[in-house]
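> generate a structure from the sequence data that follows.
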Amino acid sequence: MPFTVLATSTSVVLVVVACASSEEPAAPLNDDASVAIATDASHDDSSLVVDDSGSTADAGLDVDAAPPVCTTEGWCHTVVPRGQTFVDVWGDGTGKVWAISQGQSSGEGKIFFWDGAAWTLSYAATADLYALWGNSPTDLWVGTSKGLLHGTGPSATAITWTEATLPVVNGTNLYVRSIWGSGPNDTWAVGARIGAGSPTYVLHRSGPAADPDAGTTEWVIDTSPELSSVSPLTIWGSSSDDVWLNAEYNDASGVKGRLLRRRPDGTGTNAWRVSTDLPEVNSWFTGQALGKNFALINSASGYGNVTGFDLGVSNDDGDHFTWRHLTLDTLPYSAFKKASVVWASGPNDIWAIATTAVGSTWLVQLKDPETSSWRVASISLSDAVPVTRKMNAIWGSGPNDIWVVGNELALHKVDPSKGAP
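Numbering: from 1, shown residues only. Purely as a prediction, here's the structure:
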């Protein structure tokens, strides 16, 4: 069908789904003169102190504020503390941004805060950190190898981080790799027991625990029958009436992916339904939802070599989609394996982190869905020195407020006519 819905309209809404894989080989941390990196290498746990507000601070990891340097397209390079691999990023849309880092060793995840001038340490965890989502600058959630961290406080610069109480399954605590919410009393997560082949669960928080003294937890396991035959992996949505779930299941031919949506069922409640009109998808894709009528699904598996996307349009409020296939074939490089991350601010502003077969990454933007035409973003400050550090995540509030983070890397897209903020 002719693809004409990309004209900007308040009635056009977007869902973006991309492939993610823990199997992807990491690109080497090459020296990159185009990325400003903190020069203080003395970062160890002995530098952790607690300030007067009770928050954890790290003088060794804090870096001096420096004016960002931007490309002609408006991509500004910020100074990232040395040795930090940012794996997720979230902001409130007003300039307050958080990023989580894997750190230099397992079990040393860290949470960083960007105040508009510099990255500073908000919290040093004793776990690996996987996912980050915020309801507001003073209501933040981080998925970890030990469960969930909840950040609250009187202001964004005075956040206290505490471990949330999650359900215990067969005597085992859950770890969390995916979080999303539509508000403070509608937050979702995917939890799993530690161990190969362990089942996974959809967790929901509808508010504070009714009776914490009696052992009631804020987070409960969703026991919907539609979830009993699948293993949930990632969760996202656009509203409390439009929650999306990536899951996998086994049949005679092996492991496959399944997309489910939690929507009104006509009886006054919401229920999970399998999206039967979608093309077959493989496991381990992630998503972003800006509404119910426009969708982008990554048709590549986390373990495969397909570079395609399926662009979907709905004319009935998201009940059914018509799909169009897109690829990365028009990129000027032949070795692209897949798009590991896709993010969009709207139908005419779709970005992806394109990953090659050897693990290197490039930031690309969709130019024309009719021809599946992409362009490589200009993020290097020097034509002679490309940005070679691996990119891991994208978040933004609009076309002129986009963050791309990775290995000792944090780029901020601003309006190029206005320069660095």
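
> contacts only, for A164.
Remark: with contacts taken as C-beta atoms under 8 Å, 6 or more residues apart in numbering, A164 is in contact with W141, G147, L148, L149, H150, E218, W219. (Each C-beta comes from the backbone N, C-alpha and C, glycine too.)

> what do you get if the cut-off is 6 Å, keeping everything else the same?
With contact set as C-beta atoms under 6 Å, 6 or more residues apart in numbering, A164 has these partners: L148, H150.

> swap in T94?
Neighbour list for T94: empty [criterion: C-beta under 6 Å, 6+ apart].

> any stretches of the stretch 101-250 of the chain with poor pLDDT?
With pLDDT under 70 as the threshold, the stretch 101-250 of the chain has low-confidence stretches at 194-197, 209-216.

> so what's V255 scoring on pLDDT?
For V255, the pLDDT comes out at 82.

> E248 is in contact with that one, correct?
Yes - counting by C-beta atoms under 6 Å, V255 does reach E248; the two are 5.5 Å apart.

> between these two, which one's more packed in?
Residue environment comparison for V255 versus E248 gives the larger neighbour count to E248, 17 against 14, counting by other C-beta atoms under 10 Å.

> is that one bridged to anything, and to what?
Partner residues in beta bridges with E248: S231, G257, with DSSP bridges as the criterion.

> surely I353 and V341 touch.
Yes - applying C-beta under 6 Å, one finds I353 in contact with V341, separated by 4.2 Å.

> okay, those two: which has more neighbours?
With neighbours defined as other C-beta under 10 Å, I353 and V341 compare such that V341 has more, 26 against 22.

> in a strand, that's where that one is, yeah?
Yes - counting by DSSP: H, G, I helix; E, B strand; the rest coil, V341 is part of a strand.

> surely it touches I394?
Yes - if you go by C-beta under 6 Å, V341 and I394 touch, sitting 5.4 Å apart.

> between these two, what contacts are shared?
With C-beta under 6 Å, 6+ apart applied, the contact sets of V341 and I394 do not overlap.

> how about D415: what's its closest non-neighbour residue?
Nearest residue to D415, sequence neighbours excluded (C-beta to C-beta, 6 or more residues apart in numbering): N400, at 4.2 Å.

> that neighbour: neighbour count?
For N400, the count of nearby residues is 17 (other C-beta under 10 Å).

> tell me the confidence at W395?
On the pLDDT scale, W395 gets 96.

> ditto for T56
46.

> thinking again about what came up before, now do the phi/psi pair for the residue nearest to D415.
The phi/psi pair for N400 (degrees, to the nearest 10) reads phi -110, psi 30.

> my guess is it contacts P416. True?
No - the criterion here is C-beta under 6 Å, and N400 misses it with P416 at 8.3 Å.

> count of residues packed around the residue nearest to S397 when sequence neighbours are not counted?
Distances taken as C-beta to C-beta, 6+ apart place G93 nearest to S397, at 3.6 Å, with adjacent residues excluded. When neighbours are counted by other C-beta under 10 Å, G93 registers 11.

> is it true that Q365 touches I353?
No - Q365 sits out of contact with I353 when judged by C-beta under 6 Å, with a separation of 11.1 Å.

> need the pLDDT of C76.
Residue-level confidence at C76 comes out at 96, pLDDT.

> same question, F3
The per-residue pLDDT of F3 was computed as 34.

> over to the one 3 residues further on?
With respect to pLDDT, L6 has a value of 33.

> start at 15, not 1
In the new count, where the first residue is 15, that last one comes out as L20.

> in stretch 191-207, which residues are buried?
For stretch 191-207, the neighbour count (16 or more other C-beta atoms under 10 Å) marks 191-196, 200-207 as buried.

> could you pull out the buried residues of stretch 370-389?
Within stretch 370-389, judged by 16+ other C-beta under 10 Å, the buried ones are T370, S374, T375, W376, L377, V378, L380, P383, S386, W388.

> which strand residues bridge the first one?
The partner list for T370 in beta bridges (DSSP bridges) reads F350.

> what's around the nearest residue to S328 once chain neighbours are set aside, how many residues?
In this structure, S328 finds its nearest non-sequential neighbour in N307, 4.4 Å apart by C-beta to C-beta, 6+ apart. Under the neighbour criterion other C-beta under 10 Å, N307 is assigned a count of 20.

> just L304 next, same as before
Here the number of neighbours of L304 (other C-beta under 10 Å) works out to 17.

> how close does it sit to W250?
Between L304 and W250 the distance, using C-beta to C-beta, to the nearest Å, works out to 10 Å.

> cool, and A285?
As judged by C-beta to C-beta, A285 and W250 stand 18 Å apart.

> which one of the two has more residues nearby?
For A285 versus W250, neighbours defined as other C-beta under 10 Å are more numerous around W250 (22 against 15).

> give me the element the more buried one is part of.
In this structure, W250 is located in strand 245-253 according to DSSP states H and E.

> who does that strand touch, helix- and strand-wise?
On a contact count with 3 or more C-beta pairs under 6 Å, 6 or more residues apart in numbering; DSSP states H and E, strand 245-253 meets strand 188-197, strand 200-207, strand 214-219, strand 256-265, strand 299-303.

> so for V244, which of these sits nearest?
Of all these, strand 256-265 sits nearest to V244, with 3.7 Å by C-beta to C-beta.

> wait, isn't the residue nearest to S328 in contact with G326?
No - taking C-beta under 6 Å as the definition, N307 is not a contact partner of G326, at 8.9 Å.
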